[in-house]
Every structure is written in C-alpha cells, then in structure tokens.
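Undergrad: below are the sequence and a predicted model; questions follow.
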Amino acid sequence: MPASDWHELLGVLRLSGMARELGQHCELRQLTAGRVLLRLAPRHRHLLMKAAQDKLQQTLAEHFAMPMQLSIEVEEGSGDTPAAAAQRDRQERMDRAIASVEQDGFVREIIEMFDATLIESSIKPV
C-alpha cells in the first residue's frame, strides 16, 4: 500500500483525538493481512500513548474486519506523513494567496501611491 493510500485510509477511519494525531504523524511501512507497521519520527514520540495505539489498532481492525496487529517503529523516515502533506498544502495555498495579492493591480497602485508595505501575515488563503 503506497503512502498516498495511508493518507486516504486515515481519512475514512473516523479517528479522533490522540489516535488521529498519532496516525497523522506516522508513515506506513507495511500493511499485510492482519499486520500494520508504521514509522513515527522521534520528534513525535510523545504521541506514543498506549490508549492512542489501542484505539488506532481497534479502528484498523474494524475497518478491515479482521484482527490487526499494530507496530510502530520510532525512527526518522521520509517525512511523507498525512500531517506533513497537510502542512505542505497549507503552505502552497498561502504562497498562492500572497502572489495573488501582490499581483493585484489595485494593491500595487495603493502600495506605490502611499509607499505602503504589504503585511504577508495579514493574508489568509480562501
């Protein structure tokens, strides 16, 4: 199962709270009949709570309609986690919003007319 499928799978699992956070920060290493192996970066080690792991394992078992053994390795990975993908998406939308505002004719005219400065932190992507 490719990483993109892990992203999609987490979207349909209906996880919440710490179990969701744990899943969002993991990379899929292996998914076989009855076994899921995930990788968690050491900087997210604090998410490794037994209750969160148990909930994630239970939800995976319900989804696949079979008992699932969940194992999580703590080691650096490629960084291709659902949380990282969401952060990249937010940054890309923000970059597009800033570029759009900077290229707007009215905004450019106001900046030149009043020697104004564009405050990028005030821009919110839609």
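TA: Yep, it's here.

Undergrad: Val126 and Arg96, how far apart?
TA: From Val126 over to Arg96 the distance is 10 Å, taken as CB to CB, to the nearest Å. To be clear about C-beta, it is placed using only N, CA and C from the backbone, and glycine gets the same treatment.

Undergrad: okay, those two: which has more neighbours?
TA: Arg96 (11 against 5; other CB atoms under 10 Å).

Undergrad: element containing Leu37?
TA: Using DSSP states H and E, Leu37 sits in strand 35-40.

Undergrad: could you say what helices and strands that strand packs with?
TA: Using 3 or more CB pairs under 8 Å, 6 or more residues apart in numbering; DSSP states H and E as the contact test, the elements touching strand 35-40 are strand 26-32, strand 69-74.

Undergrad: 10 Å - rerun?
TA: When contacts are defined as 3 or more CB pairs under 10 Å, 6 or more residues apart in numbering; DSSP states H and E, strand 35-40 sits against helix 3-12, helix 17-24, strand 26-32, helix 50-64, strand 69-74.

Undergrad: give me the residues contacting the last one.
TA: Which is strand 69-74. Contact with strand 69-74 is made by 22, 26-27, 29-30, 32, 34-45, 47-48, 52-54, 56-61, as judged by CB atoms under 10 Å, 6 or more residues apart in numbering.

Undergrad: mind checking the pLDDT average for it?
TA: Averaging pLDDT along strand 69-74 yields 95.

Undergrad: contacts only, for the most centrally placed residue in the chain.
TA: Residue closest to the mean C-alpha point of the chain, counted by CA atoms, centre = their mean, is Ala83 at 1.5 Å. Going by CB under 10 Å, 6+ apart, Ala83 touches 7, 10, 21, 23-26, 44.
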